[in-house]
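Undergrad: Pasted the sequence and its predicted model underneath.
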Amino acid sequence: MKRLSLRFPMKDFFVSVFADQVYVVGGTVRDFILYGRANEDQDVDLLVCGSTYDEIAAALKPHGKTDTVGKSFAVLKFTREGKTFDISIPRRDRKKDDLSSGHKNFRIEAGPQVTLEEDLGRRDFTCNSIAVRLKDGAVVDPHQGMKAVAEKRIVMTSPASFSDDPLRVLRAARFAAVHNFVVDKAIYAKSKKVLLAELSAERVADELFRLLLESPQPSAGLQEYFRLTVMEKLFPELAVLALTIQDAYFHPEQDEQGHHSVWAHTLITVDIVKKLADQYHLDEERSLCLLLAALLHDCGKAATTSWEFKRGRMTVTSAFHDSQGSQKAAALLGRLRVENWRSFPLKKTILRLVQQHHRIYELYRNREAISFKAIARAVKDMDGEDPLLLLLDFADRRSRESQPLDFSGLDEIALWFSRKKEEYRISQESIRPLIQGRDLIALGVAPGRQMGAHLKKLYDLQLDGAFRTRAQGLKIFKDSQKKRPGRVRR
């Protein structure tokens, strides 16, 4: 029997409680084989044989915090010394309705009567269908999962894997991207027949988010989405980009068949954004926002691309694709029920980025005529998230280079915008409205619609650089009211 020496906190504790009946299973084993350690952010998955759920909970309760919220799925969360473990009992899943593929369409049978081998057989891929007994490291591998890990291949554990849970099609793409695995050819054939419509929006969004955030180069997983027919079934706004051409002169980047497609450009842009997010230490909220914006930034091109004779030749153009893209991105994000993520205004910021992703480049093109007003309005319109716009705009340009990921810093266009912001001392704080409603009330203006109009006009003047202090702004307002007696108290 093969043995595998696993090391993680509290191994001896679990052996002392459950003796030879406790196993490490799933992704925890896979990662130990691959990297010699488990992901520190990932919960350790344990499986205890020979006991009921309640017996396991009772045995653990004196030693730490137990959370039984997952009891219906035979999973218990146990936290001790700040580390959380997912502890389950062997289970088998029976479909309630053979015609439905929904993940809720199962009757779960769990307990000592279910064997370890049966539990491993219900799992998605063979690389996740390995168990290691904690007491002595004995490996239980009925589906040749260790061979698949060694060969870095994703293979279905059972022909019913996808019908049991269609989300596994998306998970195959994520595992391929995160671990640099090759998807087994049988999976491609099987995925064509898998219905994804029954998947909840929340599960799809979560899987997409994980692919983008966890993959070193998300393009690998996104391309698997394309091959697995996930794109055409769930994200048609993106699938059509593979059939949308770009002008080869301005967009020399190509797909693997040599086509100058918008999809090829999009994949490269997403990978550049991933590198930028790491390079500039963006938090997860802004990293995800930037990645989704890069994925969606050109989704308006399919509806706007046409041939036009300009510059002495026929050229592929996509006029107004930014505004069209914002509408299509809004529809896609709406289907996924994406609004805020960890209190960050995800959807609103993504739509602003898509709508304005050429703005910094356009400012640079007209830099001789650019003043405080244009820079201030760009910062204001992004509601303080203009650094994300700067990175997206750079990534969009950078994707056209022969070695797009070979860079260490930003280009002259991005640096120019940063210098202008510094020169004009523009920040989200510095362009907050200087004149407030209380200031106009003190001058005798009654609250209401008219006051709102005054405040808007004054803020527009502030962004235009007409005044830099509250006193200057109030003087402008009072001077404007001199021809309208009775409106301002002197």
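TA: Noted; the coordinates are in hand. Here the structure is a predicted model, which is why all the values come from computation and not from measurement.

Undergrad: okay, CA-based contacts and neighbour counts for the rest of this
TA: Noted.

Undergrad: Strands of this protein, start to end?
TA: With DSSP state E as the criterion, the chain has strands at 22-25, 44-48, 65-67, 75-80, 83-88, 91-95, 106-110, 131-133, 139-140, 153-154, 182-183, 305-310, 313-318.

Undergrad: So what are the sheet partners of the last one and their directions?
TA: Right, the one you point to is strand 313-318. strand 305-310 (antiparallel) (DSSP bridges).

Undergrad: Repeat that for the second one.
TA: For strand 44-48, sheet partners with direction are given as strand 22-25 (antiparallel), strand 83-88 (parallel), following DSSP bridges.

Undergrad: List the buried residues of stretch 15-26.
TA: Along stretch 15-26, these residues count as buried under the neighbour rule (16 or more other C-alpha atoms under 10 Å): V15, F18, Q21, V22, Y23, V24, V25, G26.

Undergrad: Turn these into a markdown table, columns for pLDDT and distance to M231.
TA: A markdown table is the format used below for the buried residues of stretch 15-26 (pLDDT from 0 to 100; distance: C-alpha to C-alpha, whole Å):
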| residue | pLDDT | distance to M231 |
| --- | --- | --- |
| V15 | 96 | 45 |
| F18 | 97 | 45 |
| Q21 | 97 | 43 |
| V22 | 97 | 40 |
| Y23 | 97 | 37 |
| V24 | 96 | 34 |
| V25 | 96 | 31 |
| G26 | 92 | 27 |
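
Undergrad: Could you export the residues you listed as a markdown table, including distance to G36?
TA: As requested, these are exported to a markdown table (distance: C-alpha to C-alpha, whole Å):
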| residue | distance to G36 |
| --- | --- |
| V15 | 21 |
| F18 | 24 |
| Q21 | 23 |
| V22 | 20 |
| Y23 | 17 |
| V24 | 14 |
| V25 | 15 |
| G26 | 15 |
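
Undergrad: Quick one: neighbours of E81, just the number.
TA: Number of residues near E81 (other C-alpha atoms under 10 Å) recorded here: 10.

Undergrad: Tell me the spacing between it and K478.
TA: 65 Å (C-alpha to C-alpha, to the nearest Å).

Undergrad: swap in T52?
TA: Taking C-alpha to C-alpha, one finds T52 at 79 Å from K478.

Undergrad: what do you get for L46?
TA: Counting by C-alpha to C-alpha - L46 and K478 are separated by 72 Å.

Undergrad: quick one: pLDDT of D141?
TA: You'll see D141 listed with a pLDDT of 97.

Undergrad: show me the contacts for it.
TA: D141 makes contacts with S129, I130, A131, as judged by C-alpha atoms under 8 Å, 6 or more residues apart in numbering.

Undergrad: what sits up against the lengthiest helix in the chain?
TA: Counting by DSSP state H, the longest helix found in the chain is helix 262-279. Helix 262-279 is contacted from outside by 216-219, 222-223, 238-239, 241-246, 251, 253-255, 287, 290-291, 294-295, 297-298, 301, 391-392, 395-396, 398-400, 404-405, using C-alpha under 8 Å, 6+ apart.

Undergrad: Among the residues you listed, name the ones in helices.
TA: 219, 222-223, 238-239, 287, 290-291, 294-295, 301, 391-392, 395-396, 398.

Undergrad: wait, which of these is closest to E151?
TA: Q223 (20.6 Å; C-alpha to C-alpha).

Undergrad: who wins for neighbours among the contacts of D141?
TA: Going by other C-alpha under 10 Å, A131 tops the contacts of D141 with 30 neighbours.

Undergrad: Between the contacts of D141, which sits nearest V445?
TA: Closest to V445, out of all of the contacts of D141 and judged by C-alpha to C-alpha, is S129, at 71.8 Å.

Undergrad: contacting residues for R432?
TA: Taking C-alpha under 8 Å, 6+ apart as the definition, R432 has no contacts.

Undergrad: What separation is there between A319 and Q356?
TA: 14 Å.
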